[in-house]
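Engineer: Return a 3D structure for these sequence lines:
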Amino acid sequence: MLRDIRSNSAQTAARRIARIALVTVSVAAITLTSIGDSFAQRGGFGGGRGFGGDGMRSPGMGSRMPGNDGPRYPGGGGGPRFPDGGGGIMLPPGGFGPGGPGTVVVVDDDDNPAPPRRRVKQAKKQKVTKPQKQQKQIAQRGGFNVPPAGEGRFVTNEVLLNVSSATSGPALDAIARRNRLTRLEVQDFAMTRRRIARLRINDGRPVATVIRSLQREATILGAQANYFFFVQQGAAVTADPAQYALAKLRLPEAHVLAKGESVRVAVIDTPIDASHPDLAGTIAASFDATGAADKAHAHGTGIAGVIAAHGKLIGAAPAVKVLAVHAFGSKGSDGTSLNILKGLDWAGKSSAGVINMSFAGPADPELRIMFGALRARGTVLIAAAGNAGPNSKPLYPAADPDVIAVTAIDADDNLFAQANRGVHIAVAAPGVNILAAAPGGAYQMQSGTSFAAAQISGVAALLLERNPKLDAAAIRRILMTTARDLGAPGHDDQFGSGIADAFGAVMSAGPEVSEVSGAAAQPRN
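Structural biologist: Numbers count the residues shown, from 1 in each chain. Now for the predicted structure:
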């Protein structure tokens with residue numbers, strides 16, 4: 001009995017000694033950590049970070065030890081823990097230095113203390129960086145296109161917004177008020193399935209500043225300037241009224257095979273005089289994209305006549321039907337991005353086989369999207385190269401890859417002096433001293449790449465009558481491969497592939513030619 005009592009007393013004493021040892025180790029850990037923290041505040045070992053607030057580290061080393069935000073031991077609450085079945089000391093994240101979040105916990109055999117709280121210092125760091133990440137994400141949003149440096153061809157107090165179709169009028173007005181804007185109009189486009197809103201800037205801020213600020217509005221998908229475009233018309237001249245373009249393009253021979261029957265050609269331009277004798281019965285439908293009362297203009301009437309005249313004058317495709325789009329004002333001969341988009345969308349919905357664009361201006365992101373959608377439907381897009389001269393940068397829409405760019409030559413195959421240059425130019429056509437229809441049943445001599453583009457729009461209509469399966473890429477290829485070379489041998493930046501040959505092109509586009517290099521052609525009626 002006495003032996004048992006002594007044995008129990010010895011075991012009890014051993015346990016007490018063990019507990020005292022554990023507490024002693026804890027106190028020692030606290031003391032050492034306090035010293036380490038103090039040392040760390042003075043620069044630590046070789047790099048300014050020692051024991052304490054950032055987890056335990058080896059002096060002078062960069063490797064992390066267990067217990068901080070590096071790899072953790074299994075079963076611990078953020079720091080190392082002795083395996084089940086034995087006592088020990090839990091070292092929570094952050095160390096034990098003064099002011100640190102860690103605490104000393106004496107662990108017995110069956111203890112299961114709650115994990116220590118997470119480090120407050122790390123959470124604060126995340127809160128500081130979150131706004132910076134949001135700012136970066138806002139700055140990287142696509143679709144917000146400010147005008148390029150030096151570009152001034154846009155409405156200075158307006159902006160175009162790409163908004164979700166789910167955005168209601170009141171919601172858009174709320175966005176406008178927050179950004180000191182006023183909603184002017186909203187237009188849905190069937191070709192691109194986009195909704196574009198035009199808003200006025202109320203306080204004189206630059207367009208670029210407004211576009212950047214709108215990136216903060218999550219429901220706005222994009223923004224851009226409302227650009228200006230101008231019809232490419234030279235001064236009226238007095239010259240021989242003979243229609244030299246007919247012979248130059250070999251149109252009489254081509255008309256034996258095709259005249260553009262059943263093909264619709266949309267003319268995006270100034271108002272057309274539909275009552276002109278040379279255009280009698282030609283205008284199939286009209287659309288006013290401006291909403292402003294206007295009068296017939298020489299440019300739009302002349303372009304329609306070069307394409308479709310069948311009276312005193314003969315157009316390149318005298319049997320086509322014209323879709324007249326009023327997108328440019330007769331006073332300034334200018335049109336905006338939004339009005340051109342409206343006209344293009346209407347032309348696409350009206351089954352235009354060819355769209356003539358005898359105007360030029362800056363690169364426009366929304367027009368780029370519209371051109372891609374129209375070409376995917378099989379529509380042939382043709383534009384004037386521009387009259388800004390040999391030193392001008394490429395103008396749009398002619399420089400767009402989905403558009404066939406046309407330059408102008410005179411009766412002696414000389415390049416029109418004011419014509420733009422560029423490798424994007426496909427072909428040339430007569431555009432100097434062209435006798436064209438004018439309002440009030442009159443006629444007027446016109447010059448410019450506008451009228452050269454109209455000639456090629458007519459030739460494209462002949463190709464579509466000859467073979468309705470041709471798409472835009474096939475028509476471009478036929479026009480360029482059958483053209484008569486001018487200037488330097490081969491394709492060049494002045495004449496493109498040369499002057500178009502309507503007869504050669506129509507012969508190459510015969511019904512036996514079934515190769516199509518893109519989307520299937522749409523019905524044209």
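Engineer: In which helix or strand does residue 427 reside?
Structural biologist: Secondary structure assignment for residue 427, by DSSP states H and E: strand 425-430.
Engineer: what sits up against that strand?
Structural biologist: Strand 425-430 has contacts (CB atoms under 8 Å, 6 or more residues apart in numbering) with 244-245, 248-249, 385, 398, 404-411, 415, 451-453, 455-456, 459, 476, 479-480, 483, 486, 493-500. For the C-beta atoms, the positions are set from N, CA and C on the backbone; glycine is no exception.
Engineer: Mind exporting the C-alpha coordinates of the very next helix or strand once past it to CSV?
Structural biologist: Towards the C-terminus, the helix or strand next in line after strand 425-430, according to DSSP H and E, is strand 434-438. In CSV, the C-alpha atoms belonging to strand 434-438 read as follows (Å, rounded to 0.1, in the frame of the first residue of the first chain):
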residue,chain,number,x,y,z
ILE,A,434,-18.4,63.8,-115.5
LEU,A,435,-21.6,65.0,-117.0
ALA,A,436,-24.2,64.2,-114.3
ALA,A,437,-27.9,64.8,-113.5
ALA,A,438,-28.6,67.8,-111.3
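Engineer: Partner strands of strand 434-438, with direction?
Structural biologist: Taking DSSP bridges as the criterion, strand 434-438 forms sheet pairs with strand 442-446 (antiparallel).
Engineer: Check which residues of the partner strand are buried.
Structural biologist: Using 16 or more other CB atoms under 10 Å as the burial criterion, the residues of strand 442-446 that qualify are 443, 444, 445, 446.
Engineer: do stretch 278-289 as well
Structural biologist: 278, 279, 282, 283, 284, 287, 288, 289.
Engineer: can I see the domain layout of the protein?
Structural biologist: Domains of the chain are assigned by automatic domain parsing as 14-110, 158-226, 230-508.
Engineer: List just the one of those domains that sits closest to residue 151.
Structural biologist: Across the domains of the chain, residue 151 has its closest neighbour in domain 230-508 (5.6 Å, CB to CB).
Engineer: so where do the helices sit in the stretch 151-300 of the chain?
Structural biologist: 169-178, 207-213, 244-248, 251-255, 298-308 (DSSP state H, counting those that start in this stretch).
Engineer: just those helices: most buried one?
Structural biologist: Comparing the helices of the stretch 151-300 of the chain on average neighbours per residue, with mean count of other CB atoms under 10 Å, the densest one is helix 298-308 at a mean of 30.
Engineer: same question for that one, mean pLDDT?
Structural biologist: Within the predicted structure, the mean pLDDT of helix 298-308 is 97.
Engineer: now do the same end-to-end measure for stretch 285-301.
Structural biologist: In terms of CA to CA, to the nearest Å, the two terminal residues of stretch 285-301 are separated by 15 Å.
Engineer: Name the surrounding residues that touch that stretch.
Structural biologist: For stretch 285-301, with CB under 8 Å, 6+ apart as the criterion, the contacting residues are 231, 233, 236, 267, 269-274, 276, 279, 323-330, 333, 335, 339-340, 342-343, 346-347, 350, 358, 436-440, 444, 446, 450.
Engineer: Now list the buried members of those residues.
Structural biologist: Using 16+ other CB under 10 Å as the burial test, the contacts of stretch 285-301 include 231, 233, 267, 269-274, 276, 279, 323-330, 333, 335, 339-340, 342-343, 346-347, 350, 358, 436-439, 444, 446, 450 as buried.
Engineer: Just name the shakiest helix or strand of this structure by mean pLDDT.
Structural biologist: With mean pLDDT, DSSP states H and E as the measure, the helix or strand of the chain carrying the lowest mean pLDDT is strand 105-107 (a mean of 41).
Engineer: Residue 448 contacts residue 431, correct?
Structural biologist: Yes. Counting by CB atoms under 8 Å, residue 431 is a contact partner of residue 448 at 6.0 Å.
Engineer: More neighbours: these two, which one.
Structural biologist: When neighbours are counted by other CB atoms under 10 Å, residue 448 and residue 431 differ, and residue 431 comes out ahead with 33 against 26.
Engineer: where do the strands sit along the stretch 351-500 of the chain?
Structural biologist: Assigned by DSSP state E, counting those that start in this stretch, the stretch 351-500 of the chain shows strands spanning 354-357, 359-360, 380-384, 404-409, 425-430, 434-438, 442-446.
Engineer: With distance to residue 369 and mean pLDDT added, can I get those strands in JSON lines?
Structural biologist: Written out in JSON lines, the entries for the strands of the stretch 351-500 of the chain read as follows (distance: least, CB to CB, whole Å; pLDDT from 0 to 100):
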{"stretch": "strand 354-357", "distance to residue 369": "15", "mean pLDDT": "98"}
{"stretch": "strand 359-360", "distance to residue 369": "18", "mean pLDDT": "96"}
{"stretch": "strand 380-384", "distance to residue 369": "13", "mean pLDDT": "98"}
{"stretch": "strand 404-409", "distance to residue 369": "19", "mean pLDDT": "98"}
{"stretch": "strand 425-430", "distance to residue 369": "22", "mean pLDDT": "98"}
{"stretch": "strand 434-438", "distance to residue 369": "33", "mean pLDDT": "96"}
{"stretch": "strand 442-446", "distance to residue 369": "32", "mean pLDDT": "95"}
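Engineer: Go through these and name the closest to residue 263.
Structural biologist: Using CB to CB, the nearest of the strands of the stretch 351-500 of the chain to residue 263 is strand 354-357, at 6.9 Å.
Engineer: quick one: strands adjacent to that closest one?
Structural biologist: Sheet pairing of strand 354-357 (DSSP bridges) gives strand 264-269 (parallel), strand 380-384 (parallel).
Engineer: Can you get me a residue count around residue 188?
Structural biologist: Using other CB under 10 Å: residue 188 sits among 11 other residues.
Engineer: so it touches residue 165, yeah?
Structural biologist: Yes. In this structure, residue 188 sits in contact with residue 165. The criterion is CB under 8 Å, and the distance is 7.0 Å.
Engineer: Now the common contact residues for the two.
Structural biologist: Both residue 188 and residue 165 are contacted by residue 195, under the criterion CB under 8 Å, 6+ apart.
Engineer: ok, now how distant is residue 168 from residue 195?
Structural biologist: Residue 168 is 11 Å from residue 195, where distance means CB to CB, to the nearest Å.
Engineer: Pull the contacting residues for the residue nearest to residue 187 when sequence neighbours are not counted.
Structural biologist: Of all residues not flanking residue 187 in the chain, residue 196 sits nearest, at 5.3 Å (CB to CB, 6 or more residues apart in numbering). With contact taken as CB under 8 Å, 6+ apart, residue 196 is in contact with 160, 161, 162, 163, 186, 187, 189, 338, 341, 366.
Engineer: ok so, going back, let me know which of the strands of the stretch 351-500 of the chain is the nearest to residue 312.
Structural biologist: Closest to residue 312 of these is strand 442-446 (CB to CB; 7.3 Å).
Engineer: would you put the C-alpha positions of the closest one in PDB?
Structural biologist: This file holds the C-alpha atoms of strand 442-446, laid out as PDB (Å, rounded to 0.1, in the frame of the first residue of the first chain):
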ATOM      1  CA  ALA A 442     -30.700  70.000-115.100                       C
ATOM      2  CA  TYR A 443     -27.200  68.600-115.800                       C
ATOM      3  CA  GLN A 444     -23.800  69.600-114.400                       C
ATOM      4  CA  MET A 445     -20.200  68.700-114.900                       C
ATOM      5  CA  GLN A 446     -18.800  67.100-111.700                       C
END
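Engineer: And residue 183, how close does it get to residue 438?
Structural biologist: Counting by CB to CB, the gap from residue 183 to residue 438 is 39 Å.
Engineer: Ignore what I typed, I meant residue 286.
Structural biologist: 18 Å.
Engineer: coming back round to it: among the contacts of residue 196, which ones are in strands?
Structural biologist: Among those, the members falling in strands are 160, 161, 162, 163, 186, 187, 189 (criterion: DSSP state E).
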